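Enquirer: test case, fold it:
(one chain, ligands or ions: 1)
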Amino acid sequence: AEFRLSEFEKLQVLGHGNGGTVYKVRHRLTAAVYALNVVHTDASLRRQVYREVDILRRAAGSDRVVRFHGMAPTPSGDVALLLEHMDGGSLDTLLRHRGCRPFPEPALAAVARQALLGLADLHSRQIVHRDIKPANLLINAAGEVKIADFGVGKVLRRSLDPCDSYVGTCAYMSPERFDSESYGGDYDPYAADVWSLGLAVLELHRGHFPLLPKGAPLDWAALMVVICFGEAARAVPEGAASSEFQDFLECCLQKESRKRWPVAELLGHPFVAAADRAESEKALRDLLHEDMDES
Ligand code: ADP
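Expert: Got it, this is the predicted structure:
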């Protein structure tokens with residue numbers, strides 16, 4: 001064990017994930033606050049947790065990925081991961097707290113830029129996230145956005161098994177993950193993260209999952225149809241976005257993976273690169289503080 005659970009006091013539940021519960025905890029001695037993800041593990045989940053920890057360790061040093069401080073067994077045989085606490089919660093929660101009112105474009109530019117920096121750090125370490133969505137982008141009071149939840153992430157080794165990569169949340173999956181023949185040719189897992197990021201940013205712009213009508217259930221067949229046969233980038237109504245933003249979305253949401261821009265190029269796209277950084281980050285913090293003041 002790298003730490004003892006008894007060193008920490010549970011303050012509240014922050015959220016529930018696939019495999020367990022995330023708590024806000026306080027280190028008794030230093031009063032420092034962390035997030036503690038307690039994953040209920042059977043043998044197969046334990047392998048997944050170790051994979052997640054492996055990724056978190058490899059991503060250490062990136063200030064756009066939620067920081068990992070160690071793991072410890074729990075008395076009941078589960079595994080607890082000690083993580084940096086992101087006090088603004090996820091962008092998905094932030095959107096819902098706003099009554100699903102769209103984020104203004106400057107705030108979206110700040111989200112996109114920071115998430116791209118996180119993806120750049122991951123991709124340069126041969127890590128694909130595979131589950132980028134608003135629920136996995138966390139924010140803190142300083143307005144910093146960081147990537148979390150590597151439960152289905154992967155460190156790329158020599159070959160790519162297309163079946164093995166068939167995980168993640170279907171709603172944010174790129175066309176080639178449904179049908180690699182038609183859209184990918186040779187499957188590019190990095191480009192799949194770019195698609196998911198584009199869709200996540202578009203969701204924050206629309207206020208709901210952008211490829212289906214508001215409130216429509218996310219069923220598999222409907223999703224496959226809109227993702228593979230629709231034009232995702234056209235989900236922005238005419239005139240509802242600046243031409244830079246529209247173009248940025250088109251660069252992310254190309255159905256053919258090889259036409260999608262890689263992360264490094266997207267960081268130079270006018271929507272993110274030309275936006276006034278201080279101003280866009282302030283726009284994002286303002287959204288957050290409206291939310292934090294209300295709750
Ligand atoms: P799982 O990996 O089991 O799916 P998640 O990592 O998605 O769990 O966490 C579930 C929820 O808990 C998130 O959506 C978020 O609201 C909250 N959460 C997770 N990690 C943190 C963190 N480091 N700081 C603050 N809240 C967090």
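Enquirer: what about the residue of the stretch 101-250 of the chain found nearest the ligand, how many neighbours?
Expert: With C-beta to the nearest ligand atom, the shortest gap between the stretch 101-250 of the chain and the ligand falls at D149, namely 3.7 Å. In this view, the C-beta of every residue, glycine as well, is placed from N, C-alpha and C. Using other C-beta atoms under 10 Å, D149 has 22 other residues around it.
Enquirer: excluding covalently adjacent residues, which one is nearest to it?
Expert: N136 (4.3 Å; C-beta to C-beta, 6 or more residues apart in numbering).
Enquirer: bridging residues for V65?
Expert: Applying DSSP bridges to V65 gives these bridge partners: I147.
Enquirer: enumerate every residue touching it.
Expert: 56, 59, 118, 121-122, 146-148 (C-beta atoms under 8 Å, 6 or more residues apart in numbering).
Enquirer: what of H40?
Expert: 19-20, 78.
Enquirer: try 10 Å
Expert: By C-beta atoms under 10 Å, 6 or more residues apart in numbering, H40 lies in contact with 18-21, 49, 74, 76-79.
Enquirer: ok, now how distant is it from the ligand?
Expert: 10 Å (C-beta to the nearest ligand atom, to the nearest Å).
Enquirer: wait, V38 touches G20, no?
Expert: Yes: assessed by C-beta atoms under 10 Å, V38 is found in contact with G20 at 4.9 Å.
Enquirer: name the residues contacting each of these two.
Expert: 74, 78-81.
Enquirer: in strands only, show me these.
Expert: Those of these mapping onto strands are 79-81, per DSSP state E.
Enquirer: would you list the buried entries among those residues?
Expert: 79-81 (16 or more other C-beta atoms under 10 Å).
Enquirer: give me the pLDDT for the residue in the chain that the ligand sits nearest to.
Expert: Nearest residue of the chain to the ligand, counting by C-beta to the nearest ligand atom: G17, 1.9 Å away. According to the prediction, G17 has pLDDT 76.
Enquirer: how many neighbours does it have?
Expert: G17 - counted by other C-beta under 10 Å - has 16 other residues nearby.
Enquirer: got it, and V38?
Expert: The local packing of V38 (other C-beta under 10 Å) involves 21 other residues.
Enquirer: dihedrals phi and psi, it?
Expert: phi -100, psi 110 (degrees, to the nearest 10).
Enquirer: that one: what's it in contact with?
Expert: 5, 10, 17, 19-23, 25, 72, 74, 76, 78-81.
Enquirer: got a PyMOL select line for the buried ones in those?
Expert: Those of the contacts of V38 that count as buried under 16+ other C-beta under 10 Å are selected in PyMOL with:
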select buried, resi 5+17+19+20+21+22+23+25+72+78+79+80+81
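Enquirer: which of the contacts of V38 has the weakest pLDDT?
Expert: G19 (73).
Enquirer: helix or strand for D293, which one?
Expert: Using DSSP states H and E, D293 sits in helix 277-294.
Enquirer: residues in contact with that helix: which ones?
Expert: 87-89, 91, 93-98, 101, 103-114, 139-145, 204, 271-272, 275-276.
Enquirer: buried sites along that helix?
Expert: Under the neighbour-count criterion of 16+ other C-beta under 10 Å, helix 277-294 has 280-281, 283-285, 287-288, 291 buried.
Enquirer: can you give me the strands in the stretch 1-150 of the chain?
Expert: Taking DSSP state E, counting those that start in this stretch as the test, the strands found in the stretch 1-150 of the chain are 8-16, 20-27, 33-39, 68-73, 79-84, 127-128, 137-139, 145-147.
Enquirer: quick one, helices of this structure?
Expert: Along the chain, counting by DSSP state H, helices occupy 43-58, 91-97, 105-124, 175-178, 180-183, 189-206, 220-229, 243-252, 263-266, 270-273, 277-294.
Enquirer: understood, closing this out.
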